[in-house]
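In: After the sequence you'll find the predicted model.
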Amino acid sequence: MIRFAVYALAPLALLVTLAAGASLLDNGLLRLTGDILPLHKLISKTTLVLLILSVFPLKRRLHFSWTDLGFAPRAVFFRQVWRGLLLGLVTLLPVLLALYLLDVHVWDSTRHWTAGKVLEKVGLGLFFAMLIAVGEELLFRGMLLSIFRRKMPLGIAIVLCSVYFAALHFLKPSSHIAYAELEWDSGFQLMMEAFANWLNPAILSSFLALLMVGVFLAVLRSRVPQSLGLCIGCHAAWVWQIKISRDLFNVNLQADFLYLVNTYYDGVVGPLVTVWLASALLVYWLWSRCRYTASCRGGETKAGSAA
């Protein structure tokens, strides 16, 4: 039990260590360079970059190959990414359409769009969505899930990996410190506020939705060999659609079905996403059970015929 707890909490210890290092490093960086970026944003980005970079020494230390982390050969990988993009569109677009039809999302008529601006938003949105997906999938469904699968049952590994995935999205401080007010310990103050945000009840519905997102991607990763490309494509398509939706639509705070989203987070991820993805996973589980049962009956029939 103690050994299990050590494996489960080791990523948290690494996260705290890297966040503390980023807090100290970025405070000093701002003093040298000037007010280039708010300290809380700089710490957040630096911590994420350090987490992703930690994959490489961990890979060598744990003797993982790229195949172990879920990477298929190059040609297969890129086909997986395209299929994942399609899967992401199919799985999130119905949610966005439902939110529009239920008047939760309303067209932002204050913005003027040209064909050039639309193409720019779509192109840049996909580029940044892909960057986010590559980094987070390498970290969570690549390294973290692979580590947990070595040390614990698959179901527990999937849930635990998904908890870390969801939690990282809410590592945000509640206050901002102006450049002129920076002290030597300002970064640590923001870091403690960021971790304390995990206790904020306002994040609960979005946390559960992102937990379900993590479970969906982890199941995809565990059911298809070397399928990290599928996860990357699916994740990128979700992020891409959310970015475009936030550009084109506003959240109607007077909507009767406003409870389907979490306005504290992004106005998309919330209870509707949780129920939708949970339903998809349930259908997949039932389909898998039916296939397994049919396979077993087929085997018994062949055995009986042979006898």
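Out: Good, I have the coordinates. Note that this is a predicted model, so its numbers are computed, not measured.

In: Give me the below-cutoff pLDDT ranges for the stretch 201-307 of the chain.
Out: Scanning the stretch 201-307 of the chain for pLDDT under 70 picks out the ranges 292, 295-307.

In: all strands for it, in order.
Out: Here the stretch 201-307 of the chain has its strands, by DSSP state E, counting those that start in this stretch, at 249-251.

In: For it, which segments are assigned as helices?
Out: Counting by DSSP state H, counting those that start in this stretch, the stretch 201-307 of the chain has helices at residues 204-223, 228-248, 271-306.

In: Output the ones you listed in a markdown table; the columns should cover distance to M143 and mean neighbour count.
Out: Quick note: C-beta positions are derived from backbone N, CA and C, even for glycine. As requested, those are exported to a markdown table (distance: least, Cβ to Cβ, whole Å; neighbours: other Cβ atoms under 10 Å):
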| stretch | distance to M143 | mean neighbour count |
| --- | --- | --- |
| helix 204-223 | 12 | 22 |
| helix 228-248 | 10 | 23 |
| helix 271-306 | 23 | 12 |
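
In: Out of the ones you listed, which gets nearest to I36?
Out: The closest of the helices of the stretch 201-307 of the chain to I36 is helix 228-248. By Cβ to Cβ, the value is 23.8 Å.

In: who does that closest one touch, helix- and strand-wise?
Out: Judged by 3 or more Cβ pairs under 8 Å, 6 or more residues apart in numbering; DSSP states H and E, the packing partners of helix 228-248 are helix 74-101, helix 115-137, helix 204-223.

In: mind giving me a markdown table with these and columns for distance to T47?
Out: Listed next are the helices and strands packed on helix 228-248 as a markdown table, based on distance: least, Cβ to Cβ, whole Å:
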| stretch | distance to T47 |
| --- | --- |
| helix 74-101 | 26 |
| helix 115-137 | 12 |
| helix 204-223 | 18 |
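
In: Compare the mean pLDDT across the ones you listed and name the weakest.
Out: When the helices and strands packed on helix 228-248 are compared on mean pLDDT, helix 115-137 scores lowest, with a mean of 91.

In: ok, the residue nearest to W82 when sequence neighbours are not counted - contacts?
Out: In this structure, W82 finds its nearest non-sequential neighbour in G233, 6.4 Å apart by Cβ to Cβ, 6 or more residues apart in numbering. G233 sits next to Q80, V81, W82, R83, G84, L85, L86, L87, G88, A133 when contact means Cβ atoms under 8 Å, 6 or more residues apart in numbering.

In: again, but for R221
Out: G70, R141, L145, S227, L228, L230, C231.

In: Roughly how far does A98 sit from L92?
Out: Separation of A98 from L92 (Cβ to Cβ, to the nearest Å): 11 Å.

In: and what of F56?
Out: F56 is 31 Å from L92, by Cβ to Cβ.

In: Of these two, give the one with the bigger neighbour count.
Out: Using other Cβ atoms under 10 Å as the criterion, F56 and L92 rank with L92 on top: 24 against 11.

In: hmm, back to that, out of the helices of the stretch 201-307 of the chain, nearest to W113?
Out: Nearest to W113, of all these, is helix 228-248, at 8.0 Å by Cβ to Cβ.

In: Now do the closest one: distance to the chain's middle.
Out: Helix 228-248 sits 10 Å away from the centroid of its parent chain (Cα atoms, centre = their mean, to the nearest Å).

In: farthest-separated two in the contacts of R221?
Out: Within the contacts of R221, L145 and L230 form the most distant pair, 13.6 Å apart (Cβ to Cβ).

In: Serialize the helices of the stretch 201-307 of the chain to JSON lines and add fields for distance to C161.
Out: Converted to JSON lines, the helices of the stretch 201-307 of the chain look like this (distance: least, Cβ to Cβ, whole Å):
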{"stretch": "helix 204-223", "distance to C161": "6"}
{"stretch": "helix 228-248", "distance to C161": "12"}
{"stretch": "helix 271-306", "distance to C161": "15"}
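
In: for those helices, which one sits closest to L126?
Out: Nearest to L126, of all the helices of the stretch 201-307 of the chain, is helix 228-248, at 5.1 Å by Cβ to Cβ.

In: quick one on the thing from earlier: buried subset of the contacts of G233 as a ChimeraX selection?
Out: A single ChimeraX command is used to select the members of those judged buried by 16 or more other Cβ atoms under 10 Å:
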select :80,81,84,85,87,88,133
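
In: just curious, which of the contacts of G233 is nearest to D26?
Out: Distance to D26 across the contacts of G233 (Cβ to Cβ) is lowest for A133, with 24.7 Å.

In: My read is that that closest one contacts G229, right?
Out: No: contact criterion Cβ atoms under 8 Å: A133 and G229 do not qualify, at 10.3 Å.

In: thinking again about what came up before, can you put the contacts of G233 in a markdown table and add distance to L190?
Out: Shown next, in a markdown table, are these (distance: Cβ to Cβ, whole Å):
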| residue | distance to L190 |
| --- | --- |
| Q80 | 38 |
| V81 | 35 |
| W82 | 40 |
| R83 | 40 |
| G84 | 35 |
| L85 | 35 |
| L86 | 40 |
| L87 | 37 |
| G88 | 33 |
| A133 | 27 |
